[in-house]
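K.L.:
Sharing a model prediction with you, sequence too.
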Amino acid sequence: MDELKRIIRDVPDFPKKGIVFKDITTLLADGRNFQRMIDLMAHRYLGQGIQKVVGVEARGFILGSALAYKLGTGIALVRKPGKLPWKTLRKTYELEYGTDTLEIHIDAFEPGEKVLIADDLLATGGTVAAVVDLVQQLQAEIVECAFLAELEFLQGRKRLPEGKVHSLLQF
């Protein structure tokens, strides 16, 4: 895991002063370690009957697609408003400075389907808490919320279903 952590680049003062951004594009560009990361993440979910992976815009699409492929499932996308072409369910949620909104197709899964929510980074948990709400409104069963990395000091997992959060790397 230390090797994967070393590949992720720290970008100081992005997107604003005082924030150290964890840039995973360096890991995504490293074919051997990208494959290793997906294998490690997917191994946890083999044999759990997952029927869909939910990919969260935008880097969650990359991880979610690779995990769905590895697990032999489909992928459902959660996007910003106006980006999905069919009828959607919408969730507006609070950010540190304002609000944001996410949407999912109303037919993304059948009630009771077992889903895995995938995103690159767990920070404050606000975005994924909104995704959890959307998935629950569609009556799917959340197996877990899977992240490549977690910024533990922000305590985002406290906003997500207890016992249903896994991060491969912790910072």
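P.N.:
Nice, I can see it.
K.L.:
alpha carbons only for contacts and neighbour counts from here, please
P.N.:
Will do.
K.L.:
which ones are touching His105?
P.N.:
Leu77, Leu84, Trp86, Lys87, Thr88, Leu89 (C-alpha atoms under 8 Å, 6 or more residues apart in numbering).
K.L.:
from these, which would you call buried?
P.N.:
Leu77, Thr88, Leu89 (16 or more other C-alpha atoms under 10 Å).
K.L.:
ok, which stretches of this protein are strands?
P.N.:
Taking DSSP state E, the strands of the chain run over residues 9-12, 20-23, 52-56, 74-79, 88-95, 98-105, 114-122, 141-150, 165-170.
K.L.:
from those, which stretch is densest packed?
P.N.:
Comparing the strands of the chain by mean neighbour count (mean count of other C-alpha atoms under 10 Å), strand 52-56 ranks first with a mean of 27.
K.L.:
buried set for stretch 129-137?
P.N.:
In stretch 129-137, counting by 16+ other C-alpha under 10 Å, buried: Ala129, Ala130, Val131, Val132, Leu134, Val135.
K.L.:
Just the residues you listed: which are in helices?
P.N.:
Ala129, Ala130, Val131, Val132, Leu134, Val135 (DSSP state H).
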